[in-house]
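*Asks:* how does the following fold in three dimensions:
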Amino acid sequence: MNHTPEVPNDALMSAIVSRYKGKAVVMDFWATCGPCLEAIVQSRDFKKQLSGKDVAFVYVSGPSSPKTQWEYHIQGIGENNTT
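*Replies:* So this is what the prediction gives:
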């Protein structure tokens, strides 16, 4: 899990993506709501198709989700998570 870089708002995306230089970056903005969790489940096949390629999957979440629910669901998503 990564925390949001402390940069000006207009530099935030660049700061996140710069961690994955040389890779394509797929960003998923999610919360603990039903539609977001279902979208994560449905994207697993896409993620498997790109396994072994220079692709980084980054999951970005904000403070709108209850922390305990977020901590539970983040475990099943992957290694590149940003809060």
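*Asks:* confidence-wise, which helix or strand of the chain is lowest on average?
*Replies:* Each helix and strand of the chain was given a mean pLDDT (mean pLDDT, DSSP states H and E); the minimum falls on strand 81-82 at a mean of 48.
*Asks:* so what pLDDT did Asp54 get?
*Replies:* Confidence per residue is given as pLDDT, and for Asp54 that number is 93.
*Asks:* so what's it closest to, chain neighbours aside?
*Replies:* Computed as CB to CB, 6 or more residues apart in numbering, the closest residue to Asp54 that is not its neighbour in sequence is Lys23, at 4.5 Å. No exception for glycine: its C-beta is placed from N, CA and C like everyone else's.
*Asks:* hmm, that neighbour is touching Ala56, no?
*Replies:* Yes. Lys23 is in contact with Ala56 according to CB atoms under 8 Å; the separation is 4.7 Å.
*Asks:* residues touching the residue lying closest to Ala31 once chain neighbours are set aside, list them.
*Replies:* Distance criterion CB to CB, 6+ apart; nearest residue to Ala31, sequence neighbours excluded, is Ser65 at 4.7 Å. Ser65 sits next to Ala31, Thr32, Cys33 when contact means CB atoms under 8 Å, 6 or more residues apart in numbering.
*Asks:* what's the spacing between the residue nearest to the last one when sequence neighbours are not counted and Gly22?
*Replies:* So that's Cys33. The spatial neighbour of Cys33 that comes closest, neighbours along the chain excluded (CB to CB, 6+ apart), is Ser65 at 7.8 Å. Using CB to CB, to the nearest Å, one obtains 31 Å as the distance from Ser65 to Gly22.
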